[in-house]
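Participant: Generate a structure from the sequence data that follows.
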Amino acid sequence: MASVSLFSLLAPAARNKGINSLINLDTQFNTGIPAVTTLTAFNDLLGTTLDAPAGTPVDYKAIGFNILAGHTLNLGAGDDQLQIASGSALNAIGINIGTGSTLDLGIGKNKVIMLLTGAGSVGVNNQSKFLAGSGLDTIKADAGLHGLVNGSATNTGAVFNTGAGADKVDFSSVEGHGIENWGTITLGLDTEADKDVLTGSSAGHPVVLPAPFYDPNKFGIFNAGTINFGGGKDVVDALLGGFGGGGVYNLGWTKTDARTGRVTQDTDVDVVNGFGAGTFNGGGGRNGITLPDGDYAITYTVKPLTLTDLASGKLTRNGDATTVMTFNQFDGIGGSGLLGALHFVNAPALGAAQVLSTFSVNTAGDISAVQYV
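Facilitator: Numbering: from 1, shown residues only. Purely as a prediction, here's the structure:
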């Protein structure tokens, strides 16, 4: 197999004055000896491209930043960047974190930008630990096959954690999942009030297609594990491609005092954009769901006079009973438009009774035709 040449992270010739800078084109950054590579506490910029040269064989394999199994790359404190400005090579991987290895971006305003266009390419393949530390982190990967792969069906222990701070994480795909998660993704801490935004999109899975024409290999966010947001006004967005995998999303937090039994919750407003299989736990606050166009059926229960007047229930779309969106402790649902929304506390039959209703969302994002059965 043809491959890119290796470039040691320890090469002293690649360092500039006052800043640790490793810049090399059409090469692979590879951790080596020692097992733990730590860059000093400056602003680190690691950059490369993964464009296949003319005449490259089909089996050309390019990896931008390869953290070998059992190794650690720690970028230290400072505003660090990992960047691939272009990547047309087939089956390229922007960042590969092997089994038992760790990528730690450290504390600071970190940026990870992976722009891959080649078929079969993956922005970030994390099979162990991706840690961003505290700070305002921006992580973005556009790729041909998957934006982010976190773990696998046989590796559910993979961890992707952005730490505290108002983090923006955006993964997109042309032909596969924007995000494929089998392990745990965590954005933020329970104690923080910052707004975290997680976006997964798949251009290969338009939401305008009626059910049951869902492609199981092309979701905005395919989550078979757990995604945690902690405190803050958080957003999870899969409007382009929808949600798949049936995993769990914890958008808020609930704590019970072991001594008194007193229950407390966060009160921030969280938003879910998109429809699909999964369980969405809102915590406290006036949380909402923004849906794509379609015809919906909903069954829910409102529990007033508890912590907040919030509802739990299930949603289906376009008559497809096999794809169920389960939600717990949400205030209302609607489209992205300005005309109308279904607020559970304004609905009839408050209390323990189940409420079944149908409604529609048009292409302008407006909700209409609300009927209670």
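Participant: And for N161, the neighbour number?
Facilitator: Counted with other Cβ atoms under 10 Å, the neighbours of N161 add up to 16. To be clear about C-beta, it is placed using only N, CA and C from the backbone, and glycine gets the same treatment.
Participant: ugh, wrong one, I meant T322
Facilitator: T322 has 9 neighbours, counted by other Cβ under 10 Å.
Participant: Next one: it relative to G276, how far apart?
Facilitator: Per Cβ to Cβ, to the nearest Å, T322 is found 12 Å from G276.
Participant: This protein: helices as residue ranges?
Facilitator: For the chain, applying DSSP state H gives no helices.
Participant: Any stretches of it with poor pLDDT?
Facilitator: 1-61, 189-193, 204-216, 253-257, 261, 263-267, 284-285, 303-309, 335-355, 372-373 (pLDDT under 70).
Participant: Now do the contacts for the closest residue to S172 other than its chain neighbours.
Facilitator: Of all residues beyond its chain neighbours, the one nearest S172 is S201 (4.5 Å), with distances taken as Cβ to Cβ, 6 or more residues apart in numbering. Going by Cβ atoms under 8 Å, 6 or more residues apart in numbering, S201 touches 171-173, 178, 220, 237-241.
Participant: so G313 touches Y296, yeah?
Facilitator: No - contact between G313 and Y296 fails when scored by Cβ atoms under 8 Å: they sit 11.3 Å apart.
Participant: which residues do the two both contact?
Facilitator: With Cβ under 8 Å, 6+ apart, G313 and Y296 have no common neighbours.
Participant: before we move on, back to that, nearest to F280, of the contacts of S201?
Facilitator: Nearest to F280, judged by Cβ to Cβ, of the contacts of S201 is A238 at 11.1 Å.
Participant: May I see the buried residues of stretch 234-245?
Facilitator: 234-245 (16 or more other Cβ atoms under 10 Å).
Participant: From one end of that stretch to the other, what's the distance?
Facilitator: End-to-end distance for stretch 234-245: 21 Å, by Cα to Cα, to the nearest Å.
Participant: got it, and stretch 148-164?
Facilitator: Length of stretch 148-164, first residue to last, Cα to Cα: 20 Å.
Participant: again, but for stretch 108-128
Facilitator: Start and end residues of stretch 108-128 are separated by 22 Å (Cα to Cα).
Participant: With stretch 106-118 instead?
Facilitator: Terminal residues of stretch 106-118 are spaced 30 Å apart (Cα to Cα).
Participant: buried stuff in it?
Facilitator: Going by neighbour count (16+ other Cβ under 10 Å), the buried part of stretch 106-118 is 106-108, 110-118.
Participant: same thing with stretch 114-131?
Facilitator: Buried-residue list, stretch 114-131, by 16+ other Cβ under 10 Å: 114-118, 120-131.
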